[in-house]
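[1] quick one: sequence plus predicted model below, questions after.
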Amino acid sequence: MKTIGLIAALALASLPALPAASRDKAPAPAIDRTRVLAEEMLLAGPGLCGRGSATADEAIAAGYVASLFRDFGLRRAPGMDSYLQTAPLTRRAIAGPPTLTIDGKPVTGATLLVTGGGTTGGKAVIVSRPDGDVPSADVIVYSGPANDLMTFARKLRGKGIKLVLAAESDASRKFLGMIGGKPSLPTTIEGTPSRRPPMTVAAIPADTLAGIAAGADVSIDVPISTSRATTTNAIGYLPGTDPKAGVILLSAHLDHLGVRPDGTVMPGANDDASGTVAVIELARAFAARGPQKRGILFVAYGSEEIGGLGSTWFGEHPPVPLTDLVANIEFEMIGAQDPKLPKGSLMMTGSERSNLFDMMKSQGALIAADPYPEQSFFERSDNYSLALKGIVAHTFSGWAVVPTYHQPTDTVENLDIDYMTSAIRSLVAPIRLLASGGFKPEWKPNGRPKS
């Protein structure tokens, strides 16, 4: 049945757009709670098995979204012969147990959390605090608070660290569960290196960690295998009336964690079926309104969860020149309200970086500044790859640290559909102003990210 569904979805998405004359001439539809709930139930329902990155389930979800774009009357994006954009990937998997050695002696009990595979190591440096300067080292033995391990590991990226060892803990086990119950290996666009630095993070028994002396020779070997995969973006286009006015990009990622090795389905209702529903509903509303001065691209990316690969491919193969994109709004996890935000509001990551926040808020958008600047959420979603290219790009989110994040409890039943519907509805007027050409998004001084 799944193969038949995939073929049907892809075939429908390849059909031509409905002619403008066949569209309903009634006023633009309101953002409707019933439709929001129905789309959530389909995307996060049992039939799509958590929409695993670069899987058949992801492709079916993309085909569904693309078919909606077509039915709304959106066009294929310029130069595309389909509403779907696919990218070839190289997937890596662990081919056997890791081999950890300390001063030449094999050590058992290593649990990989993050790895690029292969053999790596060097002299150990002991670090007991996560908030100090990053030492110059090949191997760091982290003995600080367990709950700070992964925040500390993110701090080490790009610093030349090859291996981080920490004590196995409830925090390390929770992290492993949040990423699907298996180590995170880089999947890459075929023919390109990983964007992730080749750093391995592993948890080992606490007594083993305590026995590692500063300067000890530590190495780990992780055998890997490779296979090919495909990720799929769904793209719909509403052409503008003025080709020189530019294009707006409204986007979300449609993939999630799929099925764990133990068979547990990770539904991903909030992450990020909710954002995908926002793109769908805004596409429905603006397609019914008809062309604005600026064009609007509606995009649902694949493979965000394994490194933002769908958005990266889109940025490298854009259907319109990137210089034509005047703004990108990414929707990520908008199905639950963060208690730190004003009632009913979404947070806008990097709100201080551009003039887009003030304009949208003045036009009735239910948005607020990011209350978690220390978490660097601006850099951790699909908006960032476009922001690095100079496009004013931000993510709107509801509760970035929601307790259901990357858990099997991320289900439709745990969403606040009324909040989600109201938030999407509040964005129609400011996006309409943006689409009318009446506002020019710009970075504030030092707001544009450089690396």
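    Ah, there it is.

[2] use CA for all of it now, contacts and neighbours both
    Noted.

[3] can you measure across stretch 339-358, start residue to end residue?
    This stretch, stretch 339-358, spans 22 Å end to end (Cα to Cα, to the nearest Å).

[4] where in the stretch 51-200 of the chain is pLDDT low?
    In the predicted model of the stretch 51-200 of the chain, residues 180, 184, 194-197 satisfy pLDDT under 70.

[5] need the helices for it, in chain order.
    Secondary structure of the stretch 51-200 of the chain (DSSP state H, counting those that start in this stretch): helices at 56-72, 149-156, 170-178.

[6] ditto for the stretch 251-400 of the chain
    Ranges of helices within the stretch 251-400 of the chain are 275-289, 309-316, 356-362, 383-387, based on DSSP H, counting those that start in this stretch.

[7] output the ones you listed as TSV; include the columns mean neighbour count, distance to residue 102 and mean pLDDT.
    Listed next are those as TSV, based on neighbours: other Cα atoms under 10 Å; distance: least, Cα to Cα, whole Å; pLDDT from 0 to 100:
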stretch	mean neighbour count	distance to residue 102	mean pLDDT
helix 275-289	24	46	97
helix 309-316	22	36	92
helix 356-362	17	52	96
helix 383-387	24	39	88
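
[8] can you say which of these is nearest to residue 420?
    helix 275-289 (8.4 Å; Cα to Cα).

[9] what helices or strands is that closest one leaning on?
    Under the contact criterion of 3 or more Cα pairs under 8 Å, 6 or more residues apart in numbering; DSSP states H and E, helix 275-289 touches helix 33-43, helix 56-72, strand 247-253, strand 295-301, strand 325-332, helix 417-426.

[10] run the last query once more with 7 Å
    Contact here means 3 or more Cα pairs under 7 Å, 6 or more residues apart in numbering; DSSP states H and E; on that basis helix 275-289 packs against helix 33-43, strand 247-253, strand 295-301.

[11] which elements pack onto the first one?
    In terms of contact count using 3+ Cα pairs under 7 Å, 6+ apart, helix 33-43 is assigned the packing partners helix 275-289, helix 417-426.

[12] what mean pLDDT does the top strand by length along the chain have?
    In terms of residue count, the longest strand belonging to the chain (DSSP state E) is strand 224-238. Across strand 224-238, the average pLDDT comes to 96.

[13] output it as PDB, restricted to C-alpha atoms.
    Extracted as PDB, the C-alpha positions of strand 224-238 are listed here (Å, rounded to 0.1, in the frame of the first residue of the first chain):
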ATOM      1  CA  ILE A 224      30.900   2.800   8.800                       C
ATOM      2  CA  SER A 225      29.100   1.800   5.700                       C
ATOM      3  CA  THR A 226      27.500   4.000   3.100                       C
ATOM      4  CA  SER A 227      24.400   3.800   0.900                       C
ATOM      5  CA  ARG A 228      22.500   6.100  -1.400                       C
ATOM      6  CA  ALA A 229      19.200   7.900  -0.500                       C
ATOM      7  CA  THR A 230      16.900  10.600  -1.900                       C
ATOM      8  CA  THR A 231      15.300  13.500  -0.100                       C
ATOM      9  CA  THR A 232      12.300  15.400  -1.400                       C
ATOM     10  CA  ASN A 233      11.200  19.100  -1.200                       C
ATOM     11  CA  ALA A 234       7.700  20.200  -2.100                       C
ATOM     12  CA  ILE A 235       7.600  23.600  -3.900                       C
ATOM     13  CA  GLY A 236       4.600  25.700  -5.100                       C
ATOM     14  CA  TYR A 237       4.900  29.100  -6.600                       C
ATOM     15  CA  LEU A 238       2.600  32.100  -6.800                       C
END
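
[14] cool, thanks, talk later.
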